[in-house]
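**Student:** Coordinates only, no sequence provided:
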């Protein structure tokens, strides 16, 4: 009996191995926030997912623009296993992205799967704006922050606040619902905003979805360390005054060093409190865009890097296909259209004048005129009348000559 049972178990195990081997897993790329249209300055996360019933361990590679072409190293692009994140979207980030999943079945054979491409289109049009208070990408544990969806412009059912954290999507708020049923979210005085306490679960991407589309997305990182750098969570505009705050969890730190893209830029002693040191950038420019961090004087405490996104002048937005998307662009199209209409009216007026003069000429010169039909000629009054009179006399003389030739003796 034991032999029979062992044989049956062996057959079942073999059948399971065959089924597993014949299984064709599927690999796909998901984009967060969802959708192929992304906005300048926001954070975007691409995630590679293998749909399989097996428990194999997969390794991942990412490609951009072309299959099997590794992405060019970029400070804003971070690859970590099955995740590919873009810290702050720029125009050149548009394109196609693939992920490749691979698992080894033995020391010499492997299964390699390539996903379908995820195509990202970058829009420079200003999206419906999500409001984050305070406007910062980094927060200390225990701090309070508020997220508010845009004001609805239609009579739709409103906005829904969503968060992507630790590989799952959670619906945080429907615009007309109170925040209290959503766990750690508490509404202070308005139902159109959610207040959170910064803990591990509140790290991640936040955006709003509704009948009018999607808002911009912001990324919040909750720190359990001893130092953070607070930079604006949303893009700033050229010419703005920007203040960066280096905040310590505890202690008095009179001197702090700031860095941009890893290079030391300034040692500041200006402080708004014992634990906050600030650095001010007057008339911020495109050259100021980049990763910033701060550190204590002895370098024993160092913050995470935080991206400062700088955009051109307000209202000067152009989409990636070159179509004007701002108010000034609309005025340009209006001016061009008016110019075309004006040119058409001028050409039409010229044509009507020429047509009228042509008809007048034909009335005088194209149809036979008898002597009886000739009007009496008055004395010329102006130079123009003299010219017309001379022209009429010449025509009369020619008419008399033709009459004499056709009817001799008259």
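**Tutor:** Now that the structure is in, tell me what you want to look at. Small disclaimer: the values here were computed from a predicted structure and weren't measured. Numbers count the residues shown, from 1 in each chain.

**Student:** Going by C-alpha atoms from here, please, whenever you check contacts or count neighbours.
**Tutor:** Fine.

**Student:** In which helix or strand does residue 346 reside?
**Tutor:** helix 327-365 (DSSP states H and E).

**Student:** Skip the chain neighbours and tell me the closest residue to residue 93.
**Tutor:** residue 122 (7.3 Å; Cα to Cα, 6 or more residues apart in numbering).

**Student:** what mean pLDDT does the helix or strand where that neighbour lies have?
**Tutor:** In the assignment (DSSP H and E), residue 122 maps to strand 118-123. Strand 118-123 shows a mean pLDDT of 94.

**Student:** Low-confidence bits of the protein, can you list those?
**Tutor:** 1-23, 152-158, 166-192, 267-274, 313-341, 353-410 (pLDDT under 70).

**Student:** After the strand holding residue 122, which helix or strand is next?
**Tutor:** As the chain continues past strand 118-123, the following element, by DSSP H and E, is strand 131-133.

**Student:** Residues contacting whatever helix or strand comes next after that following strand, please?
**Tutor:** Toward the C-terminal end, the helix or strand that comes next after strand 131-133 (DSSP H and E) is strand 138-140. The set of residues external to strand 138-140 that reach it, using Cα atoms under 8 Å, 6 or more residues apart in numbering, is 198, 220-225, 228-231, 249, 306.

**Student:** Give me the subset of those lying in helices.
**Tutor:** Judged by DSSP state H, the subset of these located in helices is empty.

**Student:** Let's see the ChimeraX selection covering just the buried ones among those.
**Tutor:** Selection command for ChimeraX covering only the buried members of the contacts of strand 138-140, criterion 16 or more other Cα atoms under 10 Å:
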select :198,220,221,222,223,228,229,230,231,306
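
**Student:** For residue 263, state which of the contacts of strand 138-140 is nearest.
**Tutor:** residue 306 (13.9 Å; Cα to Cα).

**Student:** so that closest one makes contact with residue 289?
**Tutor:** No - judged on Cα atoms under 8 Å, residue 306 makes no contact with residue 289 at a distance of 10.7 Å.

**Student:** coming back round to it: strand partners of the strand holding residue 122, parallel vs antiparallel please.
**Tutor:** Each strand paired with strand 118-123, and its direction, by DSSP bridges: strand 37-39 (parallel), strand 95-104 (antiparallel).

**Student:** Skip ahead from the longest one and say which helix or strand is next.
**Tutor:** This points to strand 95-104. strand 110-114.

**Student:** Pull the residues that contact that next one.
**Tutor:** 26, 27, 98, 99, 100, 101, 102, 103, 104, 105.

**Student:** Try it again at 6 Å.
**Tutor:** 100, 101, 102, 103, 104 (Cα atoms under 6 Å, 6 or more residues apart in numbering).

**Student:** Buried ones in it, by neighbour count?
**Tutor:** Those would be 113, 114, for strand 110-114 by 16+ other Cα under 10 Å.

**Student:** same check, this time on stretch 133-143
**Tutor:** Buried-residue list, stretch 133-143, by 16+ other Cα under 10 Å: 134, 135, 136, 137, 138, 139, 140, 141.

**Student:** just stretch 296-310 next, same as before
**Tutor:** Buried, per 16+ other Cα under 10 Å, within stretch 296-310: 296, 302, 303, 304, 305, 306, 307, 308, 309, 310.

**Student:** now stretch 251-264
**Tutor:** Those would be 253, 254, 256, 257, 258, 259, 260, for stretch 251-264 by 16+ other Cα under 10 Å.

**Student:** ok, of those residues, which one's closest to residue 117?
**Tutor:** residue 260 (33.7 Å).

**Student:** beta partners of the closest one?
**Tutor:** Beta-bridge partners recorded for residue 260 (DSSP bridges): residue 263, residue 292.

**Student:** Surely it touches residue 292?
**Tutor:** Yes - counting by Cα atoms under 6 Å, residue 292 is a contact partner of residue 260 at 4.6 Å.

**Student:** For the residue nearest to residue 77 when sequence neighbours are not counted, give me phi and psi.
**Tutor:** In space, residue 77 comes closest to residue 86 once its chain neighbours are excluded; the distance is 4.7 Å by Cα to Cα, 6+ apart. The phi/psi pair for residue 86 (degrees, to the nearest 10) reads phi -120, psi 110.

**Student:** May I have the beta-bridge partners of residue 86?
**Tutor:** residue 44, residue 77.

**Student:** Would you map out the domains in the chain?
**Tutor:** 25-123, 131-320, 326-366, 368-410 (automatic domain parsing).

**Student:** In a markdown table, list the buried residues of stretch 133-143 along with distance to residue 57.
**Tutor:** Converted to a markdown table, the buried residues of stretch 133-143 look like this (distance: Cα to Cα, whole Å):
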| residue | distance to residue 57 |
| --- | --- |
| 134 | 41 |
| 135 | 39 |
| 136 | 37 |
| 137 | 33 |
| 138 | 33 |
| 139 | 34 |
| 140 | 35 |
| 141 | 33 |
